[in-house]
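Let me see the structure of the following:
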Amino acid sequence: MLKTDRAYSHSQFEEAIKKNHFAEWAEVHGNYYGTPRFFLDQQTESGKHVVLNIDVQGAMKIKEAYPDAVMIFILPPSFETLEHRLRTRNIDSEATLQRRLANAKKEISFQGKYSFTLVNDDLESAIAQLEKIVRNHIQQPV
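Sure, this is the predicted structure:
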């Protein structure tokens, strides 16, 4: 998810949530993250396209607010590969790693709600597939 550019205190973020200032938001590990609605509206109204790297919950909120959004679910080639990649990063405790893996299992069940699924097996191939999706489904030049 994108953390807002504006520095919000916890209470300011909660107030902005109440005022519906975010197209999507979440609290993760005690920190708020969100995508400001005004930013998305400003960009799309000026003819620009916006790419968001957000979790499933945020993506579903974006899809609800922006039904024409092109949603791309990026999968690892296998669950074992995902676990290997997370372990290789060596940044999470075992408990955090297990929580991430459990969340990934839940999130994978949402892939059918996306416009496209892209398997990130080979980076160059995944990039080529992503470029093809963007070129074929974006009406204006990227």
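
Geometric centre of the protein: which residue is closest?
In the chain, the centroid-proximal residue (C-alpha atoms, centre = their mean) is Ile54; its distance is 1.5 Å.

how near is that one to Asp121?
22 Å (C-beta to C-beta, to the nearest Å). Placement of C-beta: from N, CA and C, glycine included.

what's the residue nearest to the centre of the chain sitting at in phi/psi?
Taking degrees, to the nearest 10, you get phi -130, psi 160 for the backbone angles of Ile54.

how close does it get to Tyr114?
From Ile54 to Tyr114 the distance is 12 Å (C-beta to C-beta).

how about the strand or helix carrying Glu14: buried residues?
Assigned by DSSP states H and E, Glu14 falls within helix 10-18. Within helix 10-18, the residues that qualify as buried by neighbour count (16 or more other C-beta atoms under 10 Å) are 13, 16.

just checking, what packs against it?
On a contact count with 3 or more C-beta pairs under 8 Å, 6 or more residues apart in numbering; DSSP states H and E, helix 10-18 meets strand 22-28, strand 31-36.

Kindly present these as CSV, with separate columns for mean neighbour count, distance to Glu131 and mean pLDDT.
Output for the helices and strands packed on helix 10-18, formatted as CSV (neighbours: other C-beta atoms under 10 Å; distance: least, C-beta to C-beta, whole Å; pLDDT from 0 to 100):
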stretch, mean neighbour count, distance to Glu131, mean pLDDT
strand 22-28, 19, 25, 88
strand 31-36, 18, 23, 89
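
ranges for the strands of this structure?
For the chain, the strands defined by DSSP state E cover 22-28, 31-36, 72-75, 116-119.

got a list of what Leu40 touches?
The contact partners of Leu40, by C-beta atoms under 8 Å, 6 or more residues apart in numbering, come to 23, 50, 66.

again but with Ala23, I slipped
Here Ala23 is in contact with 34-37, 40, 61-62, 65-66 (C-beta under 8 Å, 6+ apart).
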